[in-house]
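1. Here is a sequence together with a model predicted from it:
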Amino acid sequence: MNAWRQHRRAVLLRQTSDTGFTLIEIMVVIGILAMVLAMGLPSFVRTVRKDPLRQAASDIWEGCIEARAQAILTGYTAQLVIEASTGQILVVPGTAASSTEGADPARSVPQELAGKRPFQATMDMDVAIRLVDVNLKDQMGADQVRVRFYPNGTSDDFTIILESAAGMREISLDCITGLPDLTVHQ
């Protein structure tokens, strides 16, 4: 009986030691996974990264939404500022001096917004501005383009056309609602 147990134990030990993977098998699997990852990585990066034109259009769109929200929340006129020389896109919260006539001048901008720029982005240099109109006036020669958003949800009339090798994007504001509209031109 003792010999039978020793034989059975030896068989079990042999079976458990043979069920694992060898180092070579593990290295082959890791090598195959690395090759698949290396082939798929460039297309994944292109998918995740926005091209400069889409990014610039998205930044201006978000700036318009942010400026409108700031104007409505604070009760003061906010401005979307596009600086032509640097490509900076900024949202500047309003102050009592820039408030509309209907706002109470004794009220002040909340502390967390005073002196703070809630939105800031930079356009890529590969993106060209082909047209900028504010209130139906051409602003192409201006160093800064300022678009005002009012506490009642309205805004200046604004149209900008961006162009790059990828195509053209037109962003315009509905001056009654202050909401941006994006048109894609190929």
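-> Great, that's in hand. Numbering: from 1, shown residues only.

2. contacts and neighbour counts: CA atoms only from here.
-> Will do.

3. my guess is residue 8 is in a helix, correct?
-> Yes: per DSSP: H, G, I helix; E, B strand; the rest coil, residue 8 lies within a helix segment.

4. Next, count neighbours for it.
-> 12 (other C-alpha atoms under 10 Å).

5. now residue 62
-> Residue 62 has 18 nearby residues by other C-alpha under 10 Å.

6. Just the pLDDT for it.
-> Looking at residue 62, its pLDDT stands at 94.

7. Ramachandran coordinates for it?
-> phi -60, psi -40 (degrees, to the nearest 10).

8. Okay, domains of this protein per the record?
-> Following automatic domain parsing, one finds the domains of the chain at 2-48, 52-185.

9. State the distance spanning the first to the last residue of the first one.
-> Distances were taken as C-alpha to C-alpha, to the nearest Å; on that basis the terminal residues of domain 2-48 are 67 Å apart.

10. Repeat that for stretch 10-29.
-> 31 Å.

11. average model confidence for that stretch?
-> 77.

12. circling back: quickly compare the domains of the chain and say which is most buried.
-> domain 52-185 (a mean of 18; mean count of other C-alpha atoms under 10 Å).

13. Tell me the gap between it and the middle of its chain.
-> 15 Å (C-alpha atoms, centre = their mean, to the nearest Å).

14. For the residue lying closest to residue 134 once chain neighbours are set aside, give me its contacts.
-> Spatially, and ignoring its direct neighbours in sequence, residue 134 is nearest to residue 158 (4.6 Å; C-alpha to C-alpha, 6 or more residues apart in numbering). Contact analysis of residue 158 by C-alpha atoms under 8 Å, 6 or more residues apart in numbering lists 132, 133, 134, 135, 136, 147, 172, 173, 174, 175.

15. so which of these comes closest to residue 118?
-> Closest to residue 118 out of the contacts of residue 158 is residue 147 (15.7 Å), distances taken as C-alpha to C-alpha.

16. ranges for the helices of this protein?
-> Counting by DSSP state H, the segments of the chain that form helices are 2-18, 23-48, 52-74.

17. In CSV: those helices, plus distance to residue 81.
-> Formatted as CSV, the helices of the chain follow (distance: least, C-alpha to C-alpha, whole Å):
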stretch, distance to residue 81
helix 2-18, 70
helix 23-48, 28
helix 52-74, 9
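
18. Sweet, I'm off.
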